[in-house]
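Asker: Dropping a prediction and its sequence here:
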Amino acid sequence: MANMAQAIRMALHYAEENLGVTDIFGEDVGMPLGGVFTCTQGLKTTWNTPLDERGIIGAAMGIAMGGGRPVAEIQFCDYVYNTIDLLKLAGNTCWSTNGDWNMPMVVRTPVGSGIRGSIYHSHSFDATMTHIPGWKVVMPSTPLDAYGLLITACKEQNPVMFLEPKALLRVKGEERIPGEPDDDRQLSKMIDAPLGDRTQWKPQWPTLEAYAVPFGKGKKVREGSQLTVVSYGRTLPLCAKAAAALADEGISAEVIDLRSLWPYDWELIKESVQKTGRVLFVNEDTEVTNFGEHLMRRTVEELFYSLLAPPRLLAGKFLPGIGLADSLEMASVPQQGDITAAMRSLASEQP
Amino acid sequence: MANMAQAIRMALHYAEENLGVTDIFGEDVGMPLGGVFTCTQGLKTTWNTPLDERGIIGAAMGIAMGGGRPVAEIQFCDYVYNTIDLLKLAGNTCWSTNGDWNMPMVVRTPVGSGIRGSIYHSHSFDATMTHIPGWKVVMPSTPLDAYGLLITACKEQNPVMFLEPKALLRVKGEERIPGEPDDDRQLSKMIDAPLGDRTQWKPQWPTLEAYAVPFGKGKKVREGSQLTVVSYGRTLPLCAKAAAALADEGISAEVIDLRSLWPYDWELIKESVQKTGRVLFVNEDTEVTNFGEHLMRRTVEELFYSLLAPPRLLAGKFLPGIGLADSLEMASVPQQGDITAAMRSLASEQP
Amino acid sequence: MSRPRLIKEASAPLQLDKELLLRIHDLMVKTRALEERLIQMYKQGHGYFWIGGPGEEAFNVPLGMLMKKGQGPAYDYLHAHYRQSGTILALGEEPIGALRQMKNTATDPYSGGRNFAGHFSLKKYNVAPVSSPIEVQYAVAPGTAMVQKRVGGDGITIVTGGDAGTAEGDFASCLVWSSRPVNPLPILIIVTNNKWGISTSGDGQHGEARISDRAKAFGIQAKTINGNDPVEAYNELKEAMEYVRKERKPYFIEALVSRLYGHSSASGANYVGDEVDCLKQFEARLEQEGFMTRQQMDDLRNRYTEELAAAARQVRDEPQPDPDSIWKHIYAEDK
Amino acid sequence: MSRPRLIKEASAPLQLDKELLLRIHDLMVKTRALEERLIQMYKQGHGYFWIGGPGEEAFNVPLGMLMKKGQGPAYDYLHAHYRQSGTILALGEEPIGALRQMKNTATDPYSGGRNFAGHFSLKKYNVAPVSSPIEVQYAVAPGTAMVQKRVGGDGITIVTGGDAGTAEGDFASCLVWSSRPVNPLPILIIVTNNKWGISTSGDGQHGEARISDRAKAFGIQAKTINGNDPVEAYNELKEAMEYVRKERKPYFIEALVSRLYGHSSASGANYVGDEVDCLKQFEARLEQEGFMTRQQMDDLRNRYTEELAAAARQVRDEPQPDPDSIWKHIYAEDK
Ligand SMILES: Cc1ncc(C[n+]2csc(CCOP(=O)(O)OP(=O)(O)O)c2C)c(N)n1
Ligand SMILES: Cc1ncc(C[n+]2csc(CCOP(=O)(O)OP(=O)(O)O)c2C)c(N)n1
Ligand SMILES: [Mg+2]
Ligand SMILES: [Mg+2]
């Protein structure tokens, strides 16, 4: 199966061919590199920008205003923080003009830890981004969802922030992208750029099919009855793995992949928490003024009397950065063991 | 009594004279204007910067590194959002260098609604700022607290974000600044710049006394037994007024002025909530991924079994902006009536 | 920065057709009357805040007249500053819309009562929404120009802003993105230099002798012109726009203008005596050359003043936006 | 951008004292040996990421030699790029610290195992922490220069960064803030132009003929020099620093340099054959002028290579930081 980077590339190809995408751009997004994570190799509308994130977001806005369909990349979300005013502007333009202008633009950026990226290649961006109104914010945890969410993003009339969990970009999926060839090596030969000289290289795209994951719809990854775990991105597969392990201990955990952070699937969370009475929110952004706290607030406000134990949040520690050394990264953001322990403890919590 | 703008000015004067403050700067901070809210009139180390917020924050960092003591101003917090990366950098420099460098710098900026400031003079900044590690974040609701917190800020070895609730800048205090003359008109004559030509004007500073409000300490503004209200900035006096009004209805509300957002006075909140079992958090930042949600999370995590009703958050609506028209502003951020109603409803909530 | 030696003296003969001169004059008067009405509305409590362009009419009116008006990349885009009412009126917009925005009524065509005066938005004429944050339009403008470059035709992008704002990095970004050898853009980059940023004098803040020097460093054709002279402005803009339309390359204009009522209502919005008043100066020349009499000009001014007073009375009674309308247009689906 | 015509030919006689030339050479070799050891550590799995300055020694070594070394505003501040090991060694720093950072050990003197290789921080020598975010150092640097201007003395601020990064607004901010007529700053602004930003060639992205033209627009004295020639670099830096020290005004240098091992380990970190190798070129001249024999140079290189291999072995056994150490130094009180 395709990995997430390939899935993104295929979605972008599909969007170039079928959805009118006109510009896929960012630092090192075009030839010869095709993106630091290979996500934009071989696409026909890619180009390399100056090293200027403000210019990149600004250009995306302008292209959208001019009737183009831009997909901009910020090389690492760690470098998006000098553009927050522009992101706010993109998010408020429709509202501020009372509906006169809209901003059909997609911004993609890799987020999160997991590659020993040290202080500036490990940031999460979900907390900051969900605080900015007017955007839709998504974050897949599988290649197929990445494909489907990106296709939906490229159809949107509004700005979409597409967060790519960098630890999962090279992980192969368990479901086939519609149109993807059966053999992984064949796929790689077709669409992965060769090492060395690429000037003569052209990808051979498989015949991809339409497949759109709607925004605002989460996905129940595992059924369970005793507690609910809501997560997304890098930590989602860890939650699923923890749930599988805990099943052996007789603990039945339901796992929800939120996928869409804004709007999000409140109905799915609600139904689950009403059933289990216990909920753990997991993400890896720093834990103060964190999006998981919003989800927890909503849970408490609406489901207080259904709760059997306090909702819990497992998130990144409130630290200025994620340190390079293994020991530091592991201690800073939720790892497999932390998640399993938090689930176990919540399942057994008694007043 | 002095208003908050005068209190800030006096604290800065005190800090120039006694705490080694070397540079008070920002757009229009120096002569002839002395700040768009008059906060920096007549001070001796003020100067006008280029119109460049990134340059302002950068210069503050550099001045701090060079051994100066900068107090930088961002004219409105609405214009700070292109500097978030620099704020993050200021906040992580000590940690990233394993303690080699520190950043003793203060940034002041007016926040919030209340002056019909429309989309770009009404922003709140507490949610975004409390998500940035390495800073101390404060927000006074009275002139005396403004004076005391700013003096503490100017002694800090770490970056401090001093948020000024702009709706309160011209409100007179009920407590005297130590050293402030008895007569308000006299104070005004001494330290308010005259209209018209100011080239010859010099302020006459009263002999101000040391007064420092420690960071991390909230203030119980009103004792009560049935519910707790935690707020800060513009909404704090509204909460206090609501509590007074509700006392007539037989509802006894305790009101806490957080003052210090990071670090914050958890002990004060905890003690109160353990007593009342009910808590309302009030602020005017937009309500998704909001600092009040953090406070609520902590409350739920630590005090779940003391709660008689779900904690509540009253915050700004999740809108791209605050509209100019009266009707729009009133509908977008908590007003007196909203606060009173929320308190009343929480006090009487039964499962 | 010292003023450049102006090539054309204020007393030099007017080099445009009489008809064109009268149209320019008419629009300048209309703009001034509009701005003065807006200021009066503010002073009478019919609005919370005023900011606008009295003192920039001689430049902004010709700009609007020369724009290729329409919607979509075949036409010109304007990423405007908040002092651009002259341009908007020259595009044919009725002034009452600006009054409605001043009074933040539900009928305000630019923001539905949400935004400040002078914050125009006209998708129908490719006028991008005026942003309160200074200079961001310079980061956005290259985007529309890129689309125009690709689709072909002669539509161009125009971006305007103030002198102080050029200290923001976005101004430099605009120069960088517009002049890339791989893709030079059809963009006219304009700075209206009134020598002030609120209370801060430009003299102490600009190391460059001319703001246009910064564009020249990028190999961009660049000029500093007298924006208080509508004839010079018209001719220079025409030349610049023709260049951009044809060459599909950037061009830069720094226009020296006046700030006749201070920065905004926050600074009092009173007439400033010591700045050149482009309208007064132009009228003197029109009179001198016998194109119009003082009487005709006074009549015109009075007519616009009265029209705008009537419009203001009308706007006064229009409804405020509904509180529930805050939920409209967060997303484009709501349209 | 095309290369400038270089005034001094690579074959011209060396214009510095023999002793000085040998010191420069020694530090260049030491730096190269350090960078090659770091790359090897990465390739052997003793580090997660390498980035550094092989190819910039001819410029970075003289820079460090000429700095007024010490702590506080009386001395020079350096707001450095991540390719600056040559400067750090020239300041007298032991190379083992860089290895420790590469191996992210608890003993790493620059970040305690927290930050990437090449991210030096030396408060004792006024070396500001190297930031991963490109170009922010240009926004910060004017601050230290302002303090230096006020306290007097001859301490100056130096800021360095790459060519691609000049597209960020912070580069322009640095020019704006350094050249304000009210307060010109004692700052030496440097760009090391290796013609690349990761995989993006500078040719298509720079409208300016020379990056130094951007500084000239602000009235800043500016030069483009051959950063691959240590003699030219030394002389030009000396002149520039003397100017800044005495005049208390900004000066700008664009140094054309090479990127000998690609951008970083992310691009493979292999030796690139088609770039000028400043060390090879310099050694040829030293040999030609009879200052050193090939044998002497080989011996020197071998000595450093061995020393660094030994240091790497030592570092390999040093402990990783304690997990609980994440809580240290969030605030300065914890010191
Ligand atoms: C990013 C940003 N910073 C600060 C402000 C506050 N502000 C509004 S107008 C202005 C001065 C603008 O001066 P200039 O760019 O010369 O334009 P002018 O008003 O003179 O036309 C300032 C500082 C703002 N609106 N946006
Ligand atoms: C703000 C920011 N954007 C993007 C990056 C990713 N990045 C790291 S180095 C680099 C290229 C830098 O090129 P240049 O400025 O020429 O310096 P060089 O590496 O060539 O010395 C990029 C894009 C970053 N570190 N910071
Ligand atoms: Mg101006
Ligand atoms: Mg480079």
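Answerer: Thanks, I have it. Residues are numbered from 1 along each chain as shown, chains lettered A, B, ... in the order given. Ligands and ions are numbered 1, 2, ... in the order given.
Asker: Domains in chain A, by residue range?
Answerer: Here the domain parsing of chain A from automatic domain parsing is A:4-191, A:219-348.
Asker: ok, residue A:212 touching residue A:155?
Answerer: Yes: using Cβ atoms under 8 Å, residue A:212 makes contact with residue A:155 at a distance of 7.1 Å. Bear in mind the C-beta positions are built from the backbone N, C-alpha and C, glycine included.
Asker: can you tell me the residue of the stretch 251-351 of chain A closest to ligand 3?
Answerer: For the stretch 251-351 of chain A and ligand 3, the shortest gap (Cβ to the ion) falls at residue A:289, measuring 36.6 Å.
Asker: need the domains of chain A in JSON lines with distance to ligand 4 and mean pLDDT, can you?
Answerer: Formatted as JSON lines, these follow (distance: least, Cβ to the ion, whole Å; pLDDT from 0 to 100):
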{"stretch": "domain A:4-191", "distance to ligand 4": "9", "mean pLDDT": "98"}
{"stretch": "domain A:219-348", "distance to ligand 4": "23", "mean pLDDT": "98"}
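Asker: Which one of these lies nearest to residue B:167?
Answerer: Residue B:167 lies closest, by Cβ to Cβ, to one member of these: domain A:4-191, at 21.5 Å.
Asker: does any bit of the closest one sit next to ligand 1?
Answerer: No: using Cβ under 6 Å from any ligand atom, domain A:4-191 stays clear of ligand 1, with a minimum separation of 7.4 Å.
Asker: go on, stretch C:72-86?
Answerer: Yes: using Cβ under 6 Å from any ligand atom, we find that stretch C:72-86 touches ligand 1 at residue C:83.
Asker: Buried residues of that stretch, list them for me.
Answerer: Of all the residues in stretch C:72-86, those buried under the rule 16 or more other Cβ atoms under 10 Å in any protein chain shown are C:73, C:75-86.
Asker: just to revisit the earlier point, which non-adjacent residue is nearest the residue of the stretch 251-351 of chain A closest to ligand 3?
Answerer: Spatial nearest neighbour of residue A:289, excluding adjacent residues (Cβ to Cβ, 6 or more residues apart in numbering or on different chains): residue B:131 at 4.1 Å.
Asker: what's around the one you found, how many residues?
Answerer: Here the number of neighbours of residue B:131 (other Cβ atoms under 10 Å in any protein chain shown) works out to 23.
Asker: quick one, phi/psi of it?
Answerer: Dihedral pair for residue B:131: phi -90, psi 0, per degrees, to the nearest 10.
Asker: Enumerate the residues of the stretch 101-250 of chain A near chain B.
Answerer: Residues of the stretch 101-250 of chain A lying close to chain B by Cβ under 8 Å from any Cβ of the partner chain are A:119, A:127, A:128, A:130, A:131, A:133, A:134.
Asker: Dump these to JSON lines, plus secondary structure.
Answerer: Formatted as JSON lines, those follow (DSSP: H, G, I helix; E, B strand; the rest coil):
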{"residue": "A:119", "secondary structure": "coil"}
{"residue": "A:127", "secondary structure": "helix"}
{"residue": "A:128", "secondary structure": "helix"}
{"residue": "A:130", "secondary structure": "helix"}
{"residue": "A:131", "secondary structure": "coil"}
{"residue": "A:133", "secondary structure": "coil"}
{"residue": "A:134", "secondary structure": "coil"}
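Asker: Can you tell me the SS state at residue 124?
Answerer: Using chain A. Following three-state DSSP, the label given to residue A:124 is coil.
Asker: that answer is for a different chain, and I need it for chain C
Answerer: Three-state assignment for residue C:124 (three-state DSSP): helix.
Asker: buried stuff in the longest helix along chain C?
Answerer: Longest helix in chain C by number of residues, with DSSP state H as the criterion: helix C:18-43. For helix C:18-43, the neighbour count (16+ other Cβ under 10 Å) marks C:21-42 as buried.
Asker: which residues does the residue nearest to residue A:157 when sequence neighbours are not counted contact?
Answerer: The shortest distance from residue A:157 to any non-neighbouring residue, by Cβ to Cβ, 6+ apart, is to residue C:332 (3.8 Å). For residue C:332, the contact set (Cβ atoms under 8 Å, 6 or more residues apart in numbering or on different chains) comprises A:94, A:99, A:102, A:104, A:157, A:158.
Asker: Distance-wise, check residue C:332 relative to residue C:15.
Answerer: Residue C:332 is 47 Å from residue C:15, where distance means Cβ to Cβ, to the nearest Å.
Asker: now stretch C:119-133, how far from the centre of its chain.
Answerer: How far stretch C:119-133 lies from its chain's middle: 11 Å, per Cα atoms, centre = their mean, to the nearest Å.
Asker: Any part of that stretch near chain B?
Answerer: Yes: looking at stretch C:119-133 against chain B by Cβ under 8 Å from any Cβ, the contacts come from C:131, C:132, C:133.
Asker: Closest to residue B:191 out of these?
Answerer: For the residues of stretch C:119-133 next to chain B, the residue nearest residue B:191 by Cβ to Cβ is residue C:132; the value is 30.7 Å.
Asker: what's near enough to touch the closest one?
Answerer: Each residue near residue C:132 by Cβ under 8 Å, 6+ apart is listed here: B:78, B:118, B:119, B:120, B:121, C:82, C:115, C:116, C:119.
Asker: Just the closest of those residues to ligand 3, please.
Answerer: Using Cβ to the ion, residue C:82 is the member of these that sits closest to ligand 3, with 11.0 Å.
Asker: Deepest in the core, which of the domains of chain A is it.
Answerer: Stretch with highest mean neighbour count among the domains of chain A: domain A:4-191 (a mean of 23; mean count of other Cβ atoms under 10 Å in any protein chain shown).
Asker: hmm, back to that, return only those of the buried residues of stretch C:72-86 found close to chain D.
Answerer: Applying Cβ under 8 Å from any Cβ, the subset of these adjacent to chain D is empty.
Asker: would you turn the residues you listed into JSON lines with pLDDT?
Answerer: Formatted as JSON lines, the buried residues of stretch C:72-86 follow (pLDDT from 0 to 100):
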{"residue": "C:73", "pLDDT": "98"}
{"residue": "C:75", "pLDDT": "98"}
{"residue": "C:76", "pLDDT": "98"}
{"residue": "C:77", "pLDDT": "99"}
{"residue": "C:78", "pLDDT": "98"}
{"residue": "C:79", "pLDDT": "98"}
{"residue": "C:80", "pLDDT": "97"}
{"residue": "C:81", "pLDDT": "97"}
{"residue": "C:82", "pLDDT": "98"}
{"residue": "C:83", "pLDDT": "98"}
{"residue": "C:84", "pLDDT": "97"}
{"residue": "C:85", "pLDDT": "98"}
{"residue": "C:86", "pLDDT": "98"}
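Asker: Just the ones of these in helices?
Answerer: Here DSSP H is the test, and these give C:85, C:86 as lying in helices.
Asker: now, which of the buried residues of stretch C:72-86 sits nearest residue A:285?
Answerer: residue C:79 (33.9 Å).
Asker: The closest one touches residue C:143, doesn't it?
Answerer: No: checked against Cβ under 8 Å, the pair residue C:79 and residue C:143 is beyond contact range at 9.4 Å.
Asker: Mutual contacts of those two, please.
Answerer: Residues touching both residue C:79 and residue C:143 by Cβ under 8 Å, 6+ apart: residue A:62.
Asker: quick revisit: from the residues of the stretch 101-250 of chain A next to chain B, which is closest to residue B:244?
Answerer: Using Cβ to Cβ, residue A:131 is the member of those that sits closest to residue B:244, with 32.7 Å.
Asker: My understanding was that the closest one contacts residue B:127; is that so?
Answerer: Yes: if you go by Cβ under 8 Å, residue A:131 and residue B:127 touch, sitting 5.5 Å apart.
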